[in-house]
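Asker: Provided below are the primary sequence and the corresponding predicted coordinates.
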Amino acid sequence: MKKVLETIKAIFFTIWLIIGFFGVVIVYGSYVLIKANILEKRKGFKVSQEYIRTVVSWFGRVTFKFLNSKILVFGEENIPKQGPYVIVANHQSIFDIPLILGYIYPTAFIAKKELSMIPILGSFIKKLGSILIDRSNVKSGAIALKKFAKLSQSGEIITLFPEGTRSLDGQVGEFKKGTLLIPFRYNIKILPITIDGTIKMSKKGSAFIKPSNINLFIHEPVEPKLFASEGELRECLKSIISEKITSESQLALKETRA
């Protein structure tokens, strides 16, 4: 019976989210995009971009308030004052993107091109200068690396999920070979991020959305020049990011048994 009630609650919560998505994202988002285009024509790209980033950051935070989800941020003092740097995070849910946008920085993303097809949200992702990869096109990865290098060297802040896809159980999967090649080659500072809890909001393959308590751990920046290879850098970052999820899971288990 409890499971049935939880399912019904999840259905109504998801409907509530869809209504909110239409009201905030579609209606207000369309207005923001129009205003950003006007600002770009009248005052230039920089002013328009700053406006987009401000709105996107606000939207990231409002998303979790709207979903009645509590965010606890640890290590906020570790966020560099300016770019370039690369945010490297684990990937649990579709809500990882608004989490980073709202609580760290409204960055560009390296992500699959399907994200650009989401109404309005796709336009915002592109406006932020994101690099979108077509997984069906072999050349797309090489082109993305060139864009990544150019964007990073220009001083931009970029986010990537080295696992390449969302986790099925919340644990951190293997980081794909070559994902950190650009920051390693050009010695671009890396900010490791641990996301713990967004998987409870929306699991991969599930249509339901639920409120959740989320922990966001911002670790100390890592300098790639201290590592002998990209592979060594990958393993170190995976270890840093995984450690917090493991310790939090163990803590939750202890509390359950107590």
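Answerer: Received, thanks. What you see is a predicted model; the values in this text were computed from it and never measured.

Asker: Find the nearest non-adjacent residue to Ser154, please.
Answerer: Once flanking residues are discounted, Ser154 sits nearest to Pro84: 7.4 Å by Cβ to Cβ, 6 or more residues apart in numbering. (Each C-beta comes from the backbone N, C-alpha and C, glycine too.)

Asker: Would you mind measuring from that neighbour to Val25?
Answerer: As judged by Cβ to Cβ, to the nearest Å, Pro84 and Val25 stand 29 Å apart.

Asker: Give the next helix or strand downstream of the lowest-mean-pLDDT helix or strand in the chain.
Answerer: Within the chain, no helix or strand scores below helix 2-20, which has a mean of 65 by mean pLDDT, DSSP states H and E. Next along the chain after helix 2-20, taking DSSP states H and E as the criterion, comes helix 29-43.

Asker: contacts for that next one?
Answerer: Val47, Ser48, Tyr51, Ile52, Val55, Ile120, Leu121, Ser123, Phe124, Lys127 (Cβ atoms under 8 Å, 6 or more residues apart in numbering).

Asker: try stretch 221-229
Answerer: So stretch 221-229 is in contact with 78, 80, 85, 180, 183-184, 187-192, 233, 236-237, 240, going by Cβ under 8 Å, 6+ apart.

Asker: again, but for stretch 146-160
Answerer: The contact list for stretch 146-160, computed with Cβ under 8 Å, 6+ apart, reads 82-89, 100, 105, 107-110, 129, 131, 179, 182-183, 185-186, 188.

Asker: Quick one: mean pLDDT over that stretch.
Answerer: Here stretch 146-160 scores 86 as its mean pLDDT.

Asker: same thing with stretch 108-117?
Answerer: pLDDT averaged over stretch 108-117 gives 82.

Asker: got the end-to-end distance for it?
Answerer: 16 Å (Cα to Cα, to the nearest Å).

Asker: Tell me the buried residues in it?
Answerer: Ala108, Phe109, Ile110, Ala111, Lys113, Leu115 (16 or more other Cβ atoms under 10 Å).

Asker: again with stretch 239-248
Answerer: Ile240, Ile241, Lys244, Ile245, Glu248.

Asker: where does the protein dip in pLDDT?
Answerer: 1-10, 12-13, 16-18, 20-23, 138, 246-258 (pLDDT under 70).

Asker: and if we set it to 50?
Answerer: Low-confidence segments of the chain, defined by pLDDT under 50, span residues 247-258.

Asker: all strands for it, in order.
Answerer: Using DSSP state E, the strands of the chain run over 70-74, 85-89, 108-112, 131-133, 157-160, 190-196, 213-218.

Asker: what's the distance between the residue nearest to Lys113 when sequence neighbours are not counted and Gly141?
Answerer: Counting by Cβ to Cβ, 6+ apart, Lys113 lies nearest to Leu132, which is 4.1 Å off, once chain neighbours are set aside. Going from Leu132 to Gly141 by Cβ to Cβ gives 12 Å.

Asker: tell me, what's touching the two both at once?
Answerer: With Cβ under 8 Å, 6+ apart, Leu132 and Gly141 have no common neighbours.

Asker: Those two: who's more crowded?
Answerer: Leu132 (19 against 13; other Cβ atoms under 10 Å).

Asker: can you pull the contacts of that one?
Answerer: Shown in contact with Leu132 (Cβ under 8 Å, 6+ apart): Ala111, Lys112, Lys113, Leu115, Ser116, Ile125, Lys126, Ala144.
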